[in-house]
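In: need a 3D model of the sequence below.
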Amino acid sequence: MRTLAYVLVAFLLALVLGIGSARYMIEHGSPLTTTQAGPWVSWMSEGNPNADLYTKAHLASSGRLPLTSTMARYFHADTDAAGDPLTSACEYSIEGAPLNARWWSLALYDENGGLIKNPSGRYSFNSEEAIRHSDGTYRINVAKRARPENWLPSGSGPEQNLKLVLRIYGPRDTDASGTGFIALDKLPKIERKACE
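Out: Here you go, the predicted structure:
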C-alpha cells in the first residue's frame, strides 16, 4: 500500500511539474526560443514555418498569425526598464530612435491582449504618424490623462497590467539565418515617470 502511495505522489508531482514547465515555456519562452533586450522580448522563430514546438504553441495560444520573420519582427514588453510590471496606475515615457526598417507600430494592450477602451480611440502609433523631433527620435507617453507629444491612453477603469507590442515591418538587414535583423540597442526605452 505504501509503494502505491509513493508511486501516486511521484506521478502527481511529475504531472504538476511537467504541465507547469510547459506552460511557462509557452508563455515566457527560454534563451533557446526568445531574445531579450531590456524589457523587450522577441520569439526568434516567430513567423518561421519550421519554428520549434514552444513557439508554435505560444502563437496558437495568442491567436496571432505573424508574417514571416524576414518580413516582420515582433517585440513584446510587460515591464519597464527597471523590471517593474507595466500598470495603468503609472505613467510611462517610451523614447525611441529611427529603426532600420520600412515601417513600425507600437500598440498598448491589457494583460490579456485586448485593446484598452478610451474616448479618444487611440490604441497605437506608427512611424508615419508619430510626432518626431528634428533628429528623428520620438517620445510616446502612456498615461490615463492626455499628455503632450504622442499619447497612448492606459484606460480610465480599475488598475490593470499592460503590455506593449512593437511591430517592425520590412527590416532592411538580415542575420545569418535570414531573419530580419533589428539592433537591440535601438529598441525604445520604457521609463516609469509617476504612479498614483
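In: assumed residue 9 was part of a helix.
Out: Yes - checked against DSSP: H, G, I helix; E, B strand; the rest coil, residue 9 lies within a helix.
In: mean pLDDT per helix and strand in this structure: which one sits at the bottom?
Out: Using mean pLDDT, DSSP states H and E, helix 53-62 stands out as the lowest-scoring helix or strand of the chain, at a mean of 71.
In: buried set for that helix?
Out: 54, 55, 56, 57, 58, 59 (16 or more other CB atoms under 10 Å). From N, CA and C alone the C-beta is placed, and that goes for glycine too.
In: the first one touches residue 33, doesn't it?
Out: Yes - the pair residue 54 and residue 33 qualifies as a contact (CB atoms under 8 Å) at a distance of 5.3 Å.
In: returning to what we had before: export the buried residues of helix 53-62 to CSV and tack on distance to residue 170?
Out: CSV is the format used below for those (distance: CB to CB, whole Å):
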residue, distance to residue 170
54, 27
55, 22
56, 24
57, 27
58, 23
59, 21
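In: can you name the two of these that are farthest apart?
Out: 54 and 59 (9.8 Å; CB to CB).
In: just the closest of the buried residues of helix 53-62 to residue 185, please.
Out: Nearest to residue 185 among the buried residues of helix 53-62, with distances taken as CB to CB, is residue 55, at 24.1 Å.
In: for the closest one, which non-adjacent residue is spatially closest?
Out: With CB to CB, 6 or more residues apart in numbering as the criterion, residue 55 has its nearest non-adjacent residue at 4.6 Å, and that residue is residue 45.
In: wait, that neighbour touches residue 54, no?
Out: No - in this structure residue 45 lies outside contact range of residue 54 using CB under 8 Å: 9.1 Å.
In: anything in contact with each of the two?
Out: residue 33 (CB atoms under 8 Å, 6 or more residues apart in numbering).
In: output stretch 56-75 as PDB, nothing but the C-alphas.
Out: Extracted as PDB, the C-alpha positions of stretch 56-75 are listed here (Å, rounded to 0.1, in the frame of the first residue of the first chain):
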ATOM      1  CA  LYS A  56       4.100  27.300 -32.300                       C
ATOM      2  CA  ALA A  57       2.200  26.700 -29.000                       C
ATOM      3  CA  HIS A  58       2.900  30.300 -28.000                       C
ATOM      4  CA  LEU A  59       1.400  31.700 -31.200                       C
ATOM      5  CA  ALA A  60      -1.500  29.300 -31.100                       C
ATOM      6  CA  SER A  61      -2.400  30.400 -27.500                       C
ATOM      7  CA  SER A  62      -2.100  34.100 -28.500                       C
ATOM      8  CA  GLY A  63      -4.300  33.700 -31.600                       C
ATOM      9  CA  ARG A  64      -1.900  35.700 -33.700                       C
ATOM     10  CA  LEU A  65      -0.800  34.800 -37.200                       C
ATOM     11  CA  PRO A  66       2.600  36.600 -37.800                       C
ATOM     12  CA  LEU A  67       4.200  37.400 -41.100                       C
ATOM     13  CA  THR A  68       7.500  35.600 -41.900                       C
ATOM     14  CA  SER A  69      10.500  36.600 -39.800                       C
ATOM     15  CA  THR A  70      12.200  38.000 -42.900                       C
ATOM     16  CA  MET A  71       9.300  40.500 -43.400                       C
ATOM     17  CA  ALA A  72       8.500  41.400 -39.800                       C
ATOM     18  CA  ARG A  73       9.800  41.300 -36.300                       C
ATOM     19  CA  TYR A  74       7.600  41.500 -33.100                       C
ATOM     20  CA  PHE A  75       8.800  42.600 -29.700                       C
END
